[in-house]
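>>> Got a sequence here, can you build the structure:
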Amino acid sequence: MCRACPLPMALVPAGHSGWLEVGRCPASPQASLASRRSAAGRRQLAPGVNSGQGLGIEIIGTLQLVLCVLATTDRRRRDLGGSGPLAIGLSVALGHLLAIDYTGCGINPARSFGSSVITHNFKDHWIFWVGPFIGGALAVLIYDFILAPRSSDLTDRVKVWTSGQVEEYDLDGDDINSRVEMKPK
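Residues are numbered from 1 along each chain as shown. From the prediction side, this is the model:
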């Protein structure tokens, strides 16, 4: 056990504490490697990742998160089970696991802006604004037009986007009779 970090290990089963002890000590090589890689929360492109690749990674990370939020909070769905917050949290974790080594995983323009202001580093900062906005917009279009359309007729769906609400359904989802179940055809 690291003497610099005397955290209680009473809850860890015997024989399974080795990795926990190494990773939780700030003086350990693993902890210093992790702190060097994270760069104090800055969102920046990793060496070898160009702007286009970084933009694509941010789009995909945000797209999967927004799709998860839309699917777990849609009041029209009858097939929801389990915990919505857990699903969203796992989606955030997935986005971070996939993108953190390449872009620092912005997926939130406000978080990226805050760390850039503190560190005075705005190099390639546009990626962390444009990527999440494109990813979010694509997720909404995919969910509304493909995964869970409110109307089966494409012309009605386009009318909603261009001129507002159509009488056949309620955009707020208050109509219980308009529930949908997402399952393969």
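
>>> Show me what the longest helix along the chain is packed against.
Longest helix in the chain, counting residues (DSSP state H): helix 51-73. With contacts defined as 3 or more Cβ pairs under 8 Å, 6 or more residues apart in numbering; DSSP states H and E, helix 51-73 has these neighbours: helix 84-103, helix 127-142. Heads up, the C-betas are built off the backbone N, CA and C, glycines and all.

>>> Which positions in the shortest one come out as buried?
Burial within helix 127-142, assessed by neighbour count using 16 or more other Cβ atoms under 10 Å, is assigned to I127, F128, G131, P132, I134, G135, G136, L138, A139.

>>> isn't the fifth one right up against I59?
Yes. Under the criterion of Cβ atoms under 8 Å, I134 makes contact with I59 at 5.1 Å.

>>> domains of the chain?
1-39, 42-155+168-178 (automatic domain parsing).

>>> among the ones you listed, which gets the worst mean confidence?
Least confident of those, judged by mean pLDDT, is domain 1-39 with a mean of 45.

>>> got the contact list for N108?
P132 (Cβ atoms under 8 Å, 6 or more residues apart in numbering).

>>> could you redo the last one with a cut-off of 6 Å?
Neighbouring residues of N108 by Cβ atoms under 6 Å, 6 or more residues apart in numbering: there are none.

>>> Tell me how far it lies from G89.
Remark: distance between N108 and G89 (Cβ to Cβ, to the nearest Å) = 14 Å.

>>> Same check on I60?
Counting by Cβ to Cβ - I60 and G89 are separated by 18 Å.

>>> would CSV of the helices and strands packed on helix 51-73 with distance to A148 be doable?
Formatted as CSV, the helices and strands packed on helix 51-73 follow (distance: least, Cβ to Cβ, whole Å):
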stretch, distance to A148
helix 84-103, 15
helix 127-142, 10
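
>>> circling back to that earlier point, settle it for me: which of I60 and G89 has more neighbours?
Between I60 and G89, counted using other Cβ atoms under 10 Å, the more crowded position is I60 (17 against 12).

>>> could you check the distance from the more buried one over to G114?
In terms of Cβ to Cβ, I60 sits 23 Å off from G114.
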